[in-house]
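**Student:** using only what follows, build the 3D model:
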Amino acid sequence: MQENTFDIKTKKISVVVPVLNEEQNVPLICDKITEVLKNYNFEIIFVDDGSTDRTLLQLQSLSSKHENINFISLSRNWGHQCALKAGLDHATGDCVISMDGDLQHPPELMITFIDRWSQGADIVHSVRKEDPNLPFLKKFTSSTFYKIINKISNLNIKPGTADFRLLDRKVVEACRNLNEDVYFWRGIIPWLGFTQEYIEYEPNSRQYGKSKYNLKKMLGLAINGVASFSLIPLRAASLIGSGVLLIALAYLAYIIIQFLIGNTVPGWSSIMAAILILGAIQLIFLGTIGEYVGKTYLGSKKRPTYFIKEMNAQLLDKNRHKQM
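**Tutor:** Predicted structure coming up:
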């Protein structure tokens, strides 16, 4: 039996927090994390994803007062998933904990993350318990999305999984080596393998501001998730197209037989309905194919998924040292 030589005193913990217009929440979450991890060697990396309020000024001020608080300011709003990638790319800890900047992810849960990590877990996921006050539409769309993506891909994403998780350094290195044009971390992390564990939690109430994930962003995330991990929509288009062709050929044979025996098949309306339905199906599948082709085209350009406008000097030095 292999002895567990894990010593938390020799480990450094990085906490990555993407933020977008969270100027009031930033000092609060900073205090919470510092209080929870006061007995550990840790750093916090805030990734400002193009905030238009005073979030960046708050981060600059906090960074100048605390040597273990760092910030990265992206050149514009690149999206939450790209901001997470920026944080992972620059974190220097032996493990990285990612969490949102609205305090809905309870910082106290990080202690349980670290405990599971010390026992051998490479990845510790958090799974949000269902909120009974959540609107029915949000529950339904979320549940349906997870069922569909698990069904049509080789993934097993647990419903309620959030981007609040711990990753061991070797997992972080695997993430850093990925070169995707679209990141869907809720699918990528389970797909990586390693030793994974799950912990349930009850989300806190948001202190200030409102959620940045509107319907458009949620829909975009869902499409990216499906397009990144499954070819089933393309295969379904081929199968359904073949099935419709067989039906059309059978109907054509029926019409010819009726003509040969002297009957005329009535039904201008039914033919028009069939044409419209087939036209709609074709347009849907053309759009699906176009989604994949478009993503392939954009991916072929090999453009970076984010640009950094500025970061604090301490983090810059750490990363320079890491690269040497």
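
**Student:** the stretch 51-200 of the chain: helices as residue ranges?
**Tutor:** For the stretch 51-200 of the chain, the helices defined by DSSP state H, counting those that start in this stretch occupy 55-65, 80-90, 109-118, 136-152, 169-176, 185-192.

**Student:** ranking those by burial, who's on top?
**Tutor:** When the helices of the stretch 51-200 of the chain are scored by mean count of other Cβ atoms under 10 Å, the highest mean neighbour count falls to helix 80-90 (a mean of 22). In this view, the C-beta of every residue, glycine as well, is placed from N, C-alpha and C.

**Student:** could you check the angle it makes with helix 169-176?
**Tutor:** Angle between the axes of helix 80-90 and helix 169-176 is 120 degrees (criterion: axes from the mean of the first three to the mean of the last three Cα atoms, to 10 degrees).

**Student:** show me what helix 80-90 is packed up against.
**Tutor:** Using 3 or more Cβ pairs under 8 Å, 6 or more residues apart in numbering; DSSP states H and E, the elements in contact with helix 80-90 are strand 12-19, strand 41-48, strand 69-74, strand 95-98, strand 161-168, helix 169-176, helix 313-323.

**Student:** any idea which of those gets closest to residue 282?
**Tutor:** Among the helices and strands packed on helix 80-90, the nearest to residue 282 by Cβ to Cβ is strand 161-168 (35.6 Å).

**Student:** relative to that closest one, what are the paired strands and their orientations?
**Tutor:** Here strand 161-168 has these sheet partners by DSSP bridges: strand 95-98 (antiparallel), strand 123-128 (antiparallel).

**Student:** okay, the first one in PDB with CA atoms only?
**Tutor:** The C-alpha atoms that make up strand 95-98 are tabulated as PDB, following Å, rounded to 0.1, in the frame of the first residue of the first chain:
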ATOM      1  CA  CYS A  95      -3.700  23.300  -7.100                       C
ATOM      2  CA  VAL A  96      -6.200  25.900  -8.600                       C
ATOM      3  CA  ILE A  97      -9.600  26.600  -7.200                       C
ATOM      4  CA  SER A  98     -11.900  28.500  -9.600                       C
END
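
**Student:** list the contacts of that strand.
**Tutor:** Applying Cβ atoms under 8 Å, 6 or more residues apart in numbering, the external contacts of strand 95-98 come out as 11, 13-18, 84, 87-88, 110, 113-114, 117, 163-169, 172.

**Student:** distance of residue 57 from residue 49?
**Tutor:** 15 Å (Cβ to Cβ, to the nearest Å).

**Student:** which one in this protein is furthest away from the centre?
**Tutor:** Largest separation from the mean C-alpha position in the chain: residue 262, at 62.4 Å (Cα atoms, centre = their mean).

**Student:** now do the same for it: helix, strand or coil?
**Tutor:** Here residue 262 is coil, with the state taken from DSSP: H, G, I helix; E, B strand; the rest coil.
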